[in-house]
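*Asks:* this is the structure alone, sequence omitted:
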């Protein structure tokens, strides 16, 4: 299904998606007949077609995790992120921070994803991470009460300021960002 996700991430309008459905020779091979038929029969010109198409994709085409990643990419693009983004990080000590942290800063540094009608909260990426023991934190959410960071084993964690509690979040940053933005109770 990641091929479909790749296509969806490149398509910006419902008109482009409709053309893709009718013109793609690969789509029929990738989807099962029920999924493909649902896309062919969909009314792309109805009043609320954007929301209905999103519902159709969520219910019939993508897995829950893939759908979250697709929604995340759409939100990230709205706030200035793009594939291959290279944020200029000033005077970062490569001895102090892991290569993974430096790459996260290059891709997301300084980016602020605001709360929208599609998300439950905002995420703000710092341009300079802070270190707390084995953890390096690079983003905040929930009005700075929750930090998102990574440990030396490349595991992502949430840190809750008020309780100073650490909670394992996962090992894929994009999945964690999607969960943080779109799940009502991500932690």
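*Replies:* Okay, I see it. Note that this is a predicted model, so its numbers are computed, not measured.
*Asks:* and the chain, split by domain according to the record?
*Replies:* 2-62, 99-182 (automatic domain parsing).
*Asks:* make TSV from those and add distance to residue 88 to it.
*Replies:* Heads up, the C-betas are built off the backbone N, CA and C, glycines and all. Output for the domains of the chain, formatted as TSV (distance: least, CB to CB, whole Å):
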stretch	distance to residue 88
domain 2-62	25
domain 99-182	8
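*Asks:* ranking the ones you listed by burial, who's on top?
*Replies:* Stretch with highest mean neighbour count among these: domain 99-182 (a mean of 16; mean count of other CB atoms under 10 Å).
*Asks:* average pLDDT for that one?
*Replies:* Domain 99-182 shows a mean pLDDT of 92.
*Asks:* how far does it stretch from start to finish?
*Replies:* Start-to-end span of domain 99-182 (CA to CA, to the nearest Å) is 28 Å.
*Asks:* give me the contact list for stretch 60-79.
*Replies:* 1-2, 4-5, 8-9, 31, 34-35, 38-39, 57-58, 111-114, 116, 118-119, 174-175, 177-179, 181-182 (CB atoms under 8 Å, 6 or more residues apart in numbering).
*Asks:* in strands only, show me those residues.
*Replies:* Under the assignment DSSP state E, the contacts of stretch 60-79 contribute 112, 113 to strands.
*Asks:* gap between residue 14 and residue 119?
*Replies:* 21 Å (CB to CB, to the nearest Å).
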